[in-house]
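**Q** the amino acid sequence is not available; the structure is as follows:
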Ligand SMILES: O=P(O)(O)OP(=O)(O)OP(=O)(O)OC[C@H]1O[C@@H](n2cnc3c(O)ncnc32)[C@H](O)[C@@H]1O
Ligand SMILES: [Mg+2]
């Protein structure tokens, strides 16, 4: 008997997320497809929480494709900035998805903040909708605690990784081996929490 394979659409235009989530899923029963493969444009991120935006993204992609969809809404919350850039991490410097400008703005905002007060966390909410009207989405959150460096470090990862420091490993996020980042990151934790429910949903479908 061959196990059923499930097509899942990633409701994101972020190439870094696609690479990480494909790696993290690593399951022959799930084929993760970028929404761009189906010509799906970005959803409007009008929610006031990560959960709302993850659902908005997944619903938009599920509606456009007729397939189950996974939304990922994530961001970096910095204590000295009262949680900013937070929900608006991708748009922090105005344009969308310009990591260099976002990082420059963040470092400038924290210029006079000493190391001990540079605490921050990455947050990731993942939401799976089996179809656009699914009233019972699978939702999971992951958090990764760290601090903001005073200059970029390392070449791995994406987004804000070059300025995020993991005190538990005494390394920058962009210096970590990809497999290690996946194990400890906000996204890795969220996916681990979602995984069993996702596989159970496949078995039922
Ligand atoms: O909305 P989609 O299309 O999924 O792509 P996006 O890049 O706009 O994604 P978000 O709206 O969720 O914004 C997340 C922001 O947080 C950053 N981010 C999320 N996860 C990250 C990670 O693991 N490492 C570094 N930066 C991350 C990312 O670069 C964005 O600036
Ligand atoms: Mg976005």
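**A** Alright, I've got the coordinates. Keep in mind the model is a prediction, meaning the values are calculated, not measured. Numbers count the residues shown, from 1 in each chain. Ligands and ions are numbered 1, 2, ... in the order given.
**Q** and this protein, which residues reach ligand 1?
**A** Along the chain, the residues adjacent to ligand 1 under the rule Cβ under 6 Å from any ligand atom are 12-14, 17, 42, 45, 72-76, 89-90, 97, 99, 102, 122, 157-161, 185, 187. In this view, the C-beta of every residue, glycine as well, is placed from N, C-alpha and C.
**Q** and the residue in the chain that ligand 1 sits nearest to, how many neighbours?
**A** Nearest residue of the chain to ligand 1 (Cβ to the nearest ligand atom) works out as residue 159 at 2.3 Å. Residue 159 is flanked by 22 other residues according to other Cβ atoms under 10 Å.
**Q** show me the shaky parts of the protein.
**A** Applying pLDDT under 70 to the chain flags the ranges 1-4.
**Q** picking up where we left off before, right, and the residue of the chain closest to ligand 1 touches residue 16 too?
**A** Yes. When contacts are counted by Cβ atoms under 8 Å, residue 159 is listed as touching residue 16 (6.2 Å).
**Q** look up phi and psi at the residue of the chain closest to ligand 1.
**A** Backbone geometry at residue 159, expressed as degrees, to the nearest 10, gives phi 50, psi -130.
**Q** got the contact list for it?
**A** The contact partners of residue 159, taken as Cβ atoms under 8 Å, 6 or more residues apart in numbering, are 14, 16, 76, 89, 99, 102.
**Q** go on, residue 102?
**A** 85, 89-90, 92-93, 159-160.
**Q** hmm, try it at 6 Å
**A** Contacts for residue 102 (Cβ atoms under 6 Å, 6 or more residues apart in numbering) come out as 92-93.
**Q** now the helix or strand where residue 181 lies: how far from the chain's centre is it?
**A** Using DSSP states H and E, the element containing residue 181 is helix 178-184. The chain centroid and the centroid of helix 178-184 are separated by 13 Å under Cα atoms, centre = their mean, to the nearest Å.
**Q** give me the buried stretch members for it, please.
**A** For helix 178-184, the neighbour count (16 or more other Cβ atoms under 10 Å) marks 180-182, 184 as buried.
**Q** which of these sits closest to residue 49?
**A** Closest approach to residue 49 among these (Cβ to Cβ): residue 184, at 23.7 Å.
**Q** not counting its neighbours along the chain, what's nearest the closest one?
**A** residue 144 (6.5 Å; Cβ to Cβ, 6 or more residues apart in numbering).
**Q** again with residue 164
**A** Nearest-residue entry for residue 164: residue 173, 4.2 Å, with adjacent residues in sequence omitted and distances by Cβ to Cβ, 6+ apart.
**Q** what does residue 27 give?
**A** residue 199 (7.3 Å).
**Q** check residue 40 too.
**A** residue 64 (4.5 Å).
**Q** correct me if wrong, but that neighbour is in a strand.
**A** No. Using DSSP: H, G, I helix; E, B strand; the rest coil, the secondary structure at residue 64 is helix, not a strand.
**Q** residues near residue 146, how many?
**A** As a burial measure, residue 146 scores 21 neighbours (other Cβ under 10 Å).
**Q** which residues touch it?
**A** Per Cβ under 6 Å, 6+ apart, neighbours of residue 146: 120, 164-166.
**Q** if we can go back for a sec, what count of nearby residues applies to the residue nearest to residue 164?
**A** The burial count for residue 173: 27, using other Cβ under 10 Å.
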